[in-house]
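Student: sequence isn't available, so here's the structure alone:
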């Protein structure tokens with residue numbers, strides 16, 4: 001339905017819609033004039049619908065404070081039933097509080113400032129007070145953080161501190177409770193309050209450079225010690241909002257400059273946050289989650305960074321099922337480590353049939369276990385003491401007791417240890433393997449199907465290399481290697497590279513030959529070293545897959561933008577060996593760069609998966625009717641900084657891929673649907689050369705529906721729009737102030753810069769307060 005607007009806009013003795021309108025203005029010290037709206041009435045005729053929207057405002061009432069004030073917060077701070085305003089005064093290192101005195105006798109007006117008409121006294125509705133602090137306050141939030149039904153204050157400032165200030169009542173405040181922090185908070189968008197664990201209490205969240213600090217409210221009041229909620233990549237803002245309309249608050253993370261600016265973590269029934277899902281959309285200038293169409297779900301009113309246009313998006317369940325194309329990439333960020341590598345692996349650690357994760361904290365000497373819960377996501381990590389500097393973790397049933405043993409390799413401590421997850425409850429401190437030298441690399445596996453599992457360790461002793469084979473309950477076997485074996489491999493693994501039915505040991509080293517210790521039944525192991533087809537590579541990556549269906553897997557080696565399947569063969573009549581290329585799979589694009597490989601063997605159709613780092617995508621390869629392996633589909637990924645890719649089991653679905661990165665665990669299941677953010681409509685300001693910078697939502701004409709209020713920053717307008725017929729329609733706008741400009745004038749920051757909707761007059765109707773320059777302007781809603 002097309003909305004045809006018949007405008008009738010009036011103010012007290014002026015017409016705001018007319019270019020020749022009269023202006024009631026106050027001179028200000030920065031050369032601007034505040035425009036008095038006083039009463040604004042606008043009706044919008046909707047063709048065929050008979051809808052009439054009217055907005056009436058008085059004011060503006062003016063409350064000067066100071067330059068650079070920011071962070072509008074509203075609460076009844078003194079318990080008198082009236083809404084007060086709190087802002088940060090960064091210049092004076094204080095919090096300014098505007099106590100609401102509606103209905104009370106006006107305070108005595110102080111003598112006018114000697115500096116003249118440019119410094120008028122404030123209106124009488126609010127009484128200005130302040131709270132001093134020695135912090136350079138960056139962000140503040142107000143909520144009931146001790147359960148006494150009075151709003152308290154939580155603020156962050158430099159030096160790095162969170163301060164919790166308890167409301168003692170009658171405009172009195174207790175001394176702050178202080179937490180010293182290791183990291184700084186990301187600006188005023190870096191502190192929020194809300195119930196993020198389902199206990200119906202206000203909690204505090206702080207956004208740092210590597211994690212969200214979650215200060216849960218204790219049952220007996222006050223804030224508990226913080227827990228870290230890691231995230232992937234960079235995050236610059238956050239919000240706490242019920243996105244999926246299930247009655248539980250979710251965590252919304254924002255990176256303004258990312259091509260996936262919105263990341264969502266939904267709160268589950270158990271009060272825990274689910275995995276992080278990143279959503280693709282244009283880069284954002286601001287976001288405003290709000291229910292503007294009067295249904296049960298929220299819409300996202302987003303101002304786009306590049307154009308300044310508005311995109312209305314809906315957070316909804318995916319309806320289509322297109323295999324991996326429609327599947328979300330579930331991210332489980334890990335606590336950031338400054339180490340260059342950390343040991344981690346997929347494994348069913350508790351023997352419940354689902355794949356869990358074990359990973360190391362290299363800097364703190366700990367191992368952590370992430371177990372899957374009933375919804376397929378991870379429970380809270382369990383931490384156990386271990387070696388420090390662990391770079392490799394492997395899991396296997398070493399002693400044949402149907403329990404998984406954990407092997408950990410610490411180059412820092414020059415040790416390899418083994419431990420067991422006893423009864424699914426405790427990971428004991430590792431028992432060290434008796435090594436005869438310094439460990440260089442290791443792997444757990446077996447040479448033959450009937451042999452016991454061995455921990456194969458490449459050791460260095462006085463400059464000479466040897467291979468130690470440690471089996472449970474037995475003395476280690478040692479294989480002395482030749483003097484030519486001097487490399488320090490980055491990858492070591494078991495694989496039947498010559499397809500003779502017995503596994504061999506393969507070593508990959510950057511820029512060097514592939515080295516093989518070929519298994520022989522008579523223990524006469526043979527050392528072989530060869531350059532891979534195409535030459536040495538800088539980043540040794542491999543995969544193992546049975547591409548030709550003969551039950552003899554080939555070794556897959558990436559080269560440039562393709563992957564080659566190779567088999568080690570001995571030349572007939574000689575003792576020399578060479579690699580035979582049995583197949584080649586070309587990447588989908590010229591700049592494809594394979595970072596990890598996984599293979600899923602199936603009766604009907606096997607698939608090969610390539611993590612394409614060059615295009616940040618997952619290439620799905622299949623065997624065509626011409627018996628040629630080729631890329632069938634590219635699935636774009638929100639992130640691709642992973643070093644491992646493998647087929648895992650989550651729930652009853654076998655077709656799940658697991659991704660491991662330095663600070664992230666992720667997975668995606670073919671055909672699984674999640675939540676998506678879809679654009680439903682758009683909006684653009686009609687202000688000539690104007691640019692929208694932010695928006696808020698609320699009912700500003702007492703009709704029970706949510707209106708959207710936009711802040712237009714270049715030409716200094718307030719613009720009100722209503723949602724009708726699946727789109728936003730502009731209803732009224734006015735210019736907040738005018739300032740003289742001239743060629744070459746210094747560009748000022750966008751104004752107005754903040755706004756809030758609340759009933760400040762106590763008449764049951766919402767009013768509009770905005771922050772502009774050094775003052776708060778209040779537009780009371782009129783009948």
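Tutor: That came through fine. Here the structure is a predicted model, which is why all the values come from computation and not from measurement.
Student: report the secondary structure state of residue 325.
Tutor: At residue 325 the chain is in helix, as set by DSSP: H, G, I helix; E, B strand; the rest coil.
Student: just give me the neighbour total for it.
Tutor: By the criterion of other CB atoms under 10 Å, residue 325 has 15 neighbours. C-beta: built from backbone N, CA, C; applies to glycine.
Student: the one 4 residues further on now?
Tutor: The number of residues packed around residue 329, counting by other CB under 10 Å, is 22.
Student: show the contacting residues for the residue lying closest to residue 189 once chain neighbours are set aside.
Tutor: Residue nearest to residue 189 in three dimensions, not counting chain neighbours: residue 237, with 3.6 Å by CB to CB, 6 or more residues apart in numbering. For residue 237, the contact set (CB atoms under 8 Å, 6 or more residues apart in numbering) comprises 186-187, 189-190, 207, 253-254, 256, 287.
Student: gap between residue 237 and residue 256?
Tutor: For residue 237, the distance to residue 256 equals 7 Å [CB to CB, to the nearest Å].
Student: now do residue 275
Tutor: Distance from residue 275 to residue 256, by CB to CB: 22 Å.
Student: which one's more surrounded, those two?
Tutor: Between residue 275 and residue 256, residue 275 has the larger neighbour count (other CB under 10 Å), namely 20 against 16.
Student: backbone phi and psi for that one, please?
Tutor: phi -70, psi 160 (degrees, to the nearest 10).
Student: do you know the pLDDT at it?
Tutor: Looking at residue 275, its pLDDT is 95.
Student: nearest residue to it in space, please, no chain neighbours.
Tutor: Among residues not flanking residue 275 along the chain, residue 330 sits closest, at 4.0 Å (CB to CB, 6+ apart).
Student: just the buried members of the contacts of residue 237?
Tutor: The neighbour-count test (16 or more other CB atoms under 10 Å) marks 186, 189-190, 207, 253-254, 256, 287 as buried among those.
Student: which residues of this structure score low on pLDDT?
Tutor: 1-53, 109-120, 424, 523, 651-654, 739-747 (pLDDT under 70).
Student: domain map for it?
Tutor: 152-280, 517-640 (automatic domain parsing).
Student: with respect to burial, which of those domains scores highest?
Tutor: domain 152-280 (a mean of 18; mean count of other CB atoms under 10 Å).
Student: now that domain, how far from the chain's geometric center?
Tutor: 13 Å (CA atoms, centre = their mean, to the nearest Å).
Student: over to stretch 694-712?
Tutor: The answer for stretch 694-712 is 28 Å, by CA atoms, centre = their mean.
Student: quick check: buried residues in that stretch?
Tutor: Neighbour-count burial for stretch 694-712 flags 694-698, 700-701, 705-712 (criterion: 16+ other CB under 10 Å).
Student: please apply the same query to stretch 296-304.
Tutor: For stretch 296-304, the neighbour count (16+ other CB under 10 Å) marks 298-304 as buried.
Student: touching that stretch from outside, list them.
Tutor: The contact list for stretch 296-304 (CB under 8 Å, 6+ apart) reads 241-245, 262, 281-293, 309-316, 677, 680, 692-695, 697, 708, 710.
Student: backbone phi and psi for the residue of the chain positioned farthest from its centre, please?
Tutor: Using CA atoms, centre = their mean, the residue of the chain lying farthest from its centre is residue 573. It sits 59.9 Å away. Per-residue torsions, residue 573: phi 80, psi 10 (degrees, to the nearest 10).
Student: go on, residue 190?
Tutor: Per degrees, to the nearest 10, the backbone of residue 190 is at phi -100, psi 10.
Student: show the contacting residues for residue 150.
Tutor: By CB under 8 Å, 6+ apart, the residues touching residue 150 are 79, 144, 167, 169.
Student: closest one to residue 127 out of these, please.
Tutor: residue 79 (14.9 Å; CB to CB).
Student: if I look at the closest one, how far off is residue 144?
Tutor: 12 Å.
Student: neighbour-wise, which of the two wins?
Tutor: Neighbours were counted for residue 79 and for residue 144 using other CB under 10 Å; residue 144 has more, 17 against 14.
Student: how about that one: what's its closest non-neighbour residue?
Tutor: Closest residue to residue 144 apart from its sequence neighbours, by CB to CB, 6+ apart: residue 202 at 5.3 Å.
Student: which residues touch that neighbour?
Tutor: Counting by CB under 8 Å, 6+ apart, residue 202 has contacts 143-145, 193-195, 217.
Student: try 6 Å
Tutor: Applying CB atoms under 6 Å, 6 or more residues apart in numbering, we find residue 202 in contact with 143-145, 193, 217.
Student: for those, which one is nearest residue 443?
Tutor: residue 217 (47.9 Å).
Student: give the bridge partners for the closest one, please.
Tutor: residue 223 (DSSP bridges).
Student: please name the nearest non-neighbouring residue to residue 355.
Tutor: residue 648 (4.0 Å).
Student: can you tell me what sits against the strand or helix carrying that neighbour?
Tutor: For residue 648, the host element (DSSP states H and E) is strand 644-650. Contact partners of strand 644-650, identified using CB under 6 Å, 6+ apart, comprise 346, 355, 376, 596, 598, 600, 611, 656, 658-660.
Student: just the strands in the stretch 201-350 of the chain please.
Tutor: Assigned by DSSP state E, counting those that start in this stretch, the stretch 201-350 of the chain shows strands spanning 203-207, 211-215, 227-230, 237-241, 250-254, 262-265, 277-279, 284-290, 299-304, 310-317, 330-333, 344-347.
Student: ignore the last one, the stretch 651-783 of the chain
Tutor: Under DSSP E, counting those that start in this stretch, the stretch 651-783 of the chain gives strands at 653-660, 664-669, 675-683, 692-698, 707-712, 717-724, 727-735, 737-739, 754-758, 767-772, 775-779.
Student: got a markdown table for those strands, with distance to residue 408 too?
Tutor: Shown next, in a markdown table, are the strands of the stretch 651-783 of the chain (distance: least, CB to CB, whole Å):
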| stretch | distance to residue 408 |
| --- | --- |
| strand 653-660 | 16 |
| strand 664-669 | 18 |
| strand 675-683 | 37 |
| strand 692-698 | 50 |
| strand 707-712 | 55 |
| strand 717-724 | 57 |
| strand 727-735 | 57 |
| strand 737-739 | 65 |
| strand 754-758 | 51 |
| strand 767-772 | 55 |
| strand 775-779 | 59 |
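Student: check the gap between residue 99 and residue 276 for me.
Tutor: According to CB to CB, residue 99 stands 41 Å off from residue 276.
Student: re earlier: residue 399: which of the domains of the chain is closest?
Tutor: domain 517-640 (22.1 Å).
Student: what's the first-to-last distance across that closest one?
Tutor: Start and end residues of domain 517-640 are separated by 33 Å (CA to CA, to the nearest Å).
Student: repeat that for stretch 471-485.
Tutor: Chord length of stretch 471-485, first to last residue, is 24 Å (CA to CA).
Student: now that stretch: buried residues?
Tutor: Applying a neighbour-count criterion of 16+ other CB under 10 Å, one finds 471, 479, 481, 485 buried in stretch 471-485.
Student: among these, which are in strands?
Tutor: 471, 479 (DSSP state E).
Student: let's have the buried residues of stretch 471-485 in a markdown table, adding distance to residue 686.
Tutor: As requested, the buried residues of stretch 471-485 are exported to a markdown table (distance: CB to CB, whole Å):
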| residue | distance to residue 686 |
| --- | --- |
| 471 | 79 |
| 479 | 80 |
| 481 | 78 |
| 485 | 75 |
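Student: just the closest of the contacts of residue 237 to residue 271, please.
Tutor: residue 253 (18.6 Å).
Student: the closest one bridge partners, please.
Tutor: According to DSSP bridges, beta-bridge pairing links residue 253 with residue 238, residue 263.
Student: pretty sure it contacts residue 238?
Tutor: Yes. At 5.2 Å, residue 253 counts as touching residue 238 under the criterion of CB atoms under 6 Å.
Student: burial of residue 501, as a residue count?
Tutor: 10.
Student: since that was my last question, I'll sign off now.
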